[in-house]
Structure formats: C-alpha cells, structure tokens
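> Okay, sequence plus prediction incoming.
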Amino acid sequence: MTTPATLKPWYRVLYLQVLIAVALGVTVGYVFPDFGRSLKPLGDGFIKLVKMMIAPIIFCTVVHGIASMGDLKKLGRIGIKSLVYFEVVSTLALIIGLVVVNVLKPGVGITPAGETYRVEAKAVDTSQGFSEKSHSLSTADFILNIIPNTFLGAFVSGELLQVLLIAVLVAFAITFMGERGKPHLHVIEYGSQVFFGVMHILVQVAPIGAFGAMGYTVGAHGIGTLNKLFALMAGFYITAGLFIVVVLGAIAWHSGFSIFRLLNHIKDELLLVLGTSSSETALPGLIEKMQRLGCSKSTVGLVVPTGYSFNLDGTNIYMAMAAVFLAQATNTPLTLGAQIYLLLIAMITSKGSSGVTGAGFVTLAATLVAVPGIPLESLALLVGIDRFMSECRALTNFIGNSVATVVISRWENEITSGELQANLRHPLKGGMGSNLDC
C-alpha cells in the first residue's frame with residue numbers, strides 16, 4: 001500500500017512539469033515574441049536528442065518482438081490484421097476530413113470569385129524538407145527508398161521504414177537459427193534496456209524542450225490574425241477530436257475498454273507530444289505503457305513501429321482538409337471524382353510519413369503534385385499555422401496507434417476485457433514519469 005510519505009511532490013511529476021512548461025512557453029512567446037523566437041534551439045535540441053534514440057529502440061523492439069514470437073504463423077496473422085486495421089481506419093479518417101472541409105468551406109473567399117490565386121514560389125518555405133525532386137518520386141523510387149545503401153545507413157539516415165526492413169530481416173535470421181539464435185536475442189533485449197535507460201535520462205529535460213518549442217511557435221507566428229486560417233485550424237481540431245471520441249471511442253468500446261481511460265493511461269506521453277509536436281518523442285514511453293497494460297512484447301513490437309508509418313489518422317485528416325482548403329482558397333474546382341482521386345493519392349503518399357514535426361506538411365506537398373489544378377505555391381498559405389496543425393496531427397496519430405495496439409492485442413486474446421479494464425483503472429507502478437522521478 002502506498003503511503004502519503006512515498007508519494008512524489010506535484011512539482012516532480014513529469015506530465016505536470018511539461019504542462020507548466022507549455023503554458024510558460026505560450027506566455028513568453030506572446031509577451032516577448034523576440035525572446036520567444038530565440039528559444040527555438042531548446043525545442044529543436046530536445047527533438048534531436050530523442051530522434052537519435054528512435055532508430056536503435058525501434059530496431060531492438062521489432063527484432064525482439066518478432067524473433068521471440070517463435071510462431072511465424074502468428075507473426076503473419078498479426079501483420080495482416082494490423083495492415084487491414086490500418087487501411088480501414090486511415091481511409092475512414094480521409095473520408096471524414098473530406099466531408100468536413102466540404103461542409104465548412106473554410107477556404108472560400110480568400111481569393112475573390114473569378115480571380116486566380118497567385119504567389120511567388122519562393123514564398124513557400126522549403127526548409128521543412130520537401131523539394132521538386134521529392135515530389136516526383138515514382139512507386140519504384142519509393143520502394144527503392146525503403147532499401148538502405150548499407151546496413152548502418154538505415155540508422156544514419158533515420159528513415160523509419162529502412163530501419164523496419166533491417167529489423168525484420170535480422171529478426172527472421174535469428175528465428176531461423178533456432179536455439180543458436182537465443183544468445184543473440186538476449187543481446188538485443190539487453191541492448192533495448194540500455195537504450196530505454198538513455199531515453200529515461202533524456203526525457204527528464206522534456207519540460208525545457210517543450211518550453212522552447214512553444215515559446216518559438218507563439219513568438220514567431222503569433223496567436224491571432226488567423227481569419228480563414230483559424231477557421232481551417234479550428235475545423236481540423238474539432239474533426240480530430242470527434243474522430244478520437246466517436247470513431248476511436250467506438251472501436252475501443254467494441255474491444256472492451258474506454259477510450260478515456262486509455263487517454264489517462266498515456267497522459268504523460270500525450271503531453272510530451274503536445275509540447276514537442278512530434279509523436280516520435282513519446283514512442284519509447286508508448287511501447288512501455290502498452291506492455292504494462294498487458295499487450296505482449298511481440299504484438300507491441302510489431303504494431304507500434306508499423307503504425308508509425310502506416311496508421312496516421314491525424315495526418316490523413318489534415319491532408320484531406322488542407323488540400324481541399326487550398327483548392328477553395330485558389331478557386332480551383334474539385335469535382336467529386338477529383339476528390340476521390342485525391343483520397344486515393346493521399347492513401348499512398350501518407351504511407352511512410354513519420355511522426356517528426358513538419359512531416360504532414362511534406363506529405364501534403366507530395367499529394368498536391370499528383371492532383372492537377374491546385375497550385376503548389378498555395379502551400380505558402382499554410383506555412384504560418386503548420387506548427388499549430390502539427391500538434392493536433394501528432395496527438396491524433398499517437399492516440400490512433402495506442403488504440404490499434406490494444407485492439408490487435410485483444411484480437412489475439414492476449415488480454416481479456418476484464419484484465420484490460422482493471423489495468424486501466426489501477427495501472428502497474430512505473431513508467432516514463434515515475435521512472436524518471438524516482
């Protein structure tokens with residue numbers, strides 16, 4: 001039984017520290033915008049610290065998850081179930097985004113009726129990583145891009161799909177070795193513990209990173225004067241919220257647990273995502289939380305990393321709404337057939353988009369290139385608010401992957417509904433916040 005003496009003071013609870021840091025960052029950025037803009041290195045530095053651990057953690061998690069499964073039939077079964085789930089839910093997110101933006105019409109009126117939108121191409125910020133060359137990648141180029149030039153090249157580049165490919169190959173190699181592969185599996189497990197230990201150290205500075213990121217965002221882009229852009233942003237936030245509560249909530253209810261209890265279970269990670277606008281920063285914590293909830297290591301090791309590339313509900317909603325918004329803003333007519341085509345293109349371009357800040361913006365650029373009529377230069381309209389949109393994208397993606405992991409685990413009968421509800425009401429001790437603050 002926990003006594004009051006053993007409880008941590010409120011100021012040592014990580015998620016409260018992050019929440020306070022976010023509030024302070026917003027305040028500083030609003031009151032002292034110049035100083036707020038100077039805080040950018042704090043947020044960027046924290047994200048870089050976390051990103052350097054993503055590849056080794058994903059590698060160890062996937063290898064251990066697959067190789068320890070033993071039963072290759074189970075591996076194939078979980079993989080197929082995961083991909084089917086991802087495609088159905090992601091497509092539903094795209095459709096919902098298209099419906100909402102057509103009903104709200106937030107972009108109508110930015111360009112007067114009868115006029116054509118014009119902007120210099122240099123107004124588009126290309127610093128976020130997209131270029132004309134990246135826009136024109138064919139399917140063959142995309143497939144080749146998944147294959148790294150060298151084994152270590154996947155870890156150097158930070159491409160999540162390349163790391164996944166290497167991890168799957170190593171996992172199968174260890175599995176085929178039989179008993180001789182067990183020592184290698186133990187090494188992977190010990191390595192995973194080391195990398196998670198490093199993450200526990202790094203996450204202690206999360207409040208500093210969140211403070212810098214929010215201070216820069218508000219200081220650089222401001223809070224007001226959004227006009228039509230605010231309508232798009234508000235519509236996106238409302239749509240994402242309804243998607244989480246209604247769609248993911250219904251899926252959770254059908255699987256025997258409450259979406260709200262799950263959100264409470266991962267609140268530390270959600271606030272970390274909110275502060276950094278990147279779902280990757282909370283990936284290690286999510287893996288641990290899902291395992292403590294009762295999901296097997298093999299299922300978590302397969303579903304979570306794969307979901308980060310193939311189950312991006314927030315990004316899909318954003319792409320559908322943003323693309324049609326730009327069509328409305330530039331007086332570009334989009335027929336129903338054109339919007340269906342947009343949906344199909346977005347289903348492809350969204351795959352492989354990681355949880356890094358700005359990835360949704362890059363994916364949107366790639367989608368627009370494949371949709372005739374919408375001028376690519378119109379992306380300049382979204383640059384100023386992309387950071388605010390990025391936070392909602394990351395949160396929705398993160399929650400979607402949390403739900404997917406628990407649902408797949410339930411389908412595999414790894415945990416009963418009663419056990420799951422009990423673990424959500426009374427979670428096991430430990431976790432990101434408690435491990436750091438002990």
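Perfect, thanks for sending it.

> Please report the distance of Leu49 from Val203.
Relative to Val203, Leu49 is positioned 9 Å away (Cβ to Cβ, to the nearest Å). Every C-beta, even on glycine, is put in place using the N, C-alpha and C of the backbone.

> Neighbour count: the two, which is higher?
Under the criterion of other Cβ atoms under 10 Å, the comparison of Leu49 against Val203 puts Val203 first, with 26 against 18.

> any idea how far the top helix by length along the chain is from the chain center?
Counting by DSSP state H, the longest helix found in the chain is helix 72-104. Centroid displacement of helix 72-104 relative to its chain, using Cα atoms, centre = their mean, to the nearest Å, is 15 Å.

> ok, and for that helix, which residues are buried?
Using 16 or more other Cβ atoms under 10 Å as the test for burial, helix 72-104 gives 75, 78-79, 81-82, 85-86, 89-90, 93-98, 100-101, 104.

> Stretch 282-297 too?
282-291, 293-297.

> any weak-confidence spans in the stretch 201-350 of the chain?
In the predicted model, the stretch 201-350 of the chain carries pLDDT under 70 at residues 217, 220-227, 277, 309, 348-350.

> all helices for it, in order.
206-221, 228-242, 249-254, 259-265, 267-276, 283-293, 297-310, 313-329, 336-349 (DSSP state H, counting those that start in this stretch).

> Is it possible to get a markdown table of those helices that adds distance to Leu368?
Output for these, formatted as a markdown table (distance: least, Cβ to Cβ, whole Å):
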| stretch | distance to Leu368 |
| --- | --- |
| helix 206-221 | 22 |
| helix 228-242 | 15 |
| helix 249-254 | 30 |
| helix 259-265 | 33 |
| helix 267-276 | 26 |
| helix 283-293 | 28 |
| helix 297-310 | 21 |
| helix 313-329 | 6 |
| helix 336-349 | 9 |
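
> among those helices, which is the most enclosed?
Counting by mean count of other Cβ atoms under 10 Å, helix 313-329 has the highest mean neighbour count of the helices of the stretch 201-350 of the chain, with a mean of 28.

> helices or strands up against that helix?
helix 72-104, helix 228-242, helix 336-349, helix 359-370, helix 380-383, helix 386-411 (3 or more Cβ pairs under 8 Å, 6 or more residues apart in numbering; DSSP states H and E).

> among those helices, which is nearest His254?
When the helices and strands packed on helix 313-329 are compared by Cβ to Cβ, helix 386-411 sits nearest His254, at 8.5 Å.

> Mind listing what's buried along the closest one?
Buried, per 16+ other Cβ under 10 Å, within helix 386-411: 386-410.

> Repeat that for stretch 407-423.
Residues of stretch 407-423 classed as buried: 407-410, 412, 414-415, 420, 423 (neighbour count, 16+ other Cβ under 10 Å).

> Any chance of the residues you listed in JSON lines with pLDDT and distance to Ala55 as columns?
Shown next, in JSON lines, are these (pLDDT from 0 to 100; distance: Cβ to Cβ, whole Å):
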{"residue": "Val407", "pLDDT": "92", "distance to Ala55": "27"}
{"residue": "Ile408", "pLDDT": "91", "distance to Ala55": "23"}
{"residue": "Ser409", "pLDDT": "89", "distance to Ala55": "25"}
{"residue": "Arg410", "pLDDT": "90", "distance to Ala55": "29"}
{"residue": "Glu412", "pLDDT": "85", "distance to Ala55": "27"}
{"residue": "Glu414", "pLDDT": "83", "distance to Ala55": "27"}
{"residue": "Ile415", "pLDDT": "84", "distance to Ala55": "29"}
{"residue": "Leu420", "pLDDT": "86", "distance to Ala55": "31"}
{"residue": "Asn423", "pLDDT": "84", "distance to Ala55": "30"}
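
> Go through the residues you listed and say which is closest to Gly314.
Ranked by distance to Gly314 (Cβ to Cβ), the buried residues of stretch 407-423 are led by Val407 at 17.5 Å.

> How about the contacts made by the residue lying closest to that closest one once chain neighbours are set aside?
In space, Val407 comes closest to Ser255 once its chain neighbours are excluded; the distance is 4.9 Å by Cβ to Cβ, 6 or more residues apart in numbering. By Cβ atoms under 8 Å, 6 or more residues apart in numbering, the residues touching Ser255 are 406-407, 410, 417.

> Pull up the gap between Ser255 and Ser417, please.
8 Å.

> Repeat that for Gly97.
31 Å.

> Contacts only, for Val156.
By Cβ under 8 Å, 6+ apart, the contact list for Val156 is empty.

> For stretch 334-347, what is the distance to the chain centroid?
In terms of Cα atoms, centre = their mean, the gap separating the centre of stretch 334-347 from the centre of its chain is 23 Å.

> For that stretch, output the C-alpha coordinates as CSV.
Only the C-alpha atoms of stretch 334-347 are listed here, as CSV (Å, rounded to 0.1, in the frame of the first residue of the first chain):
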residue,chain,number,x,y,z
LEU,A,334,-12.7,19.9,-57.5
THR,A,335,-15.4,17.6,-58.7
LEU,A,336,-16.4,14.6,-56.6
GLY,A,337,-14.3,12.4,-58.9
ALA,A,338,-11.3,14.6,-58.4
GLN,A,339,-11.8,14.4,-54.6
ILE,A,340,-12.0,10.6,-54.8
TYR,A,341,-8.8,10.7,-56.8
LEU,A,342,-7.3,12.9,-54.1
LEU,A,343,-8.3,10.4,-51.5
LEU,A,344,-6.6,7.6,-53.3
ILE,A,345,-3.4,9.6,-53.8
ALA,A,346,-3.4,10.6,-50.1
MET,A,347,-3.7,6.9,-49.1
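
> and the helix or strand hosting Gly418, what does it pack onto?
Here Gly418 sits within helix 417-425, counting by DSSP states H and E. When contacts are defined as 3+ Cβ pairs under 8 Å, 6+ apart, helix 417-425 sits against helix 259-265, helix 283-293, helix 386-411.

> Serialize those to JSON lines and add fields for distance to Leu14.
Shown next, in JSON lines, are the helices and strands packed on helix 417-425 (distance: least, Cβ to Cβ, whole Å):
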{"stretch": "helix 259-265", "distance to Leu14": "15"}
{"stretch": "helix 283-293", "distance to Leu14": "10"}
{"stretch": "helix 386-411", "distance to Leu14": "16"}
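
> how long is stretch 165-184 from one end to the other?
18 Å (Cα to Cα, to the nearest Å).

> can you tell me the average pLDDT over it?
Mean per-residue pLDDT for stretch 165-184: 83.
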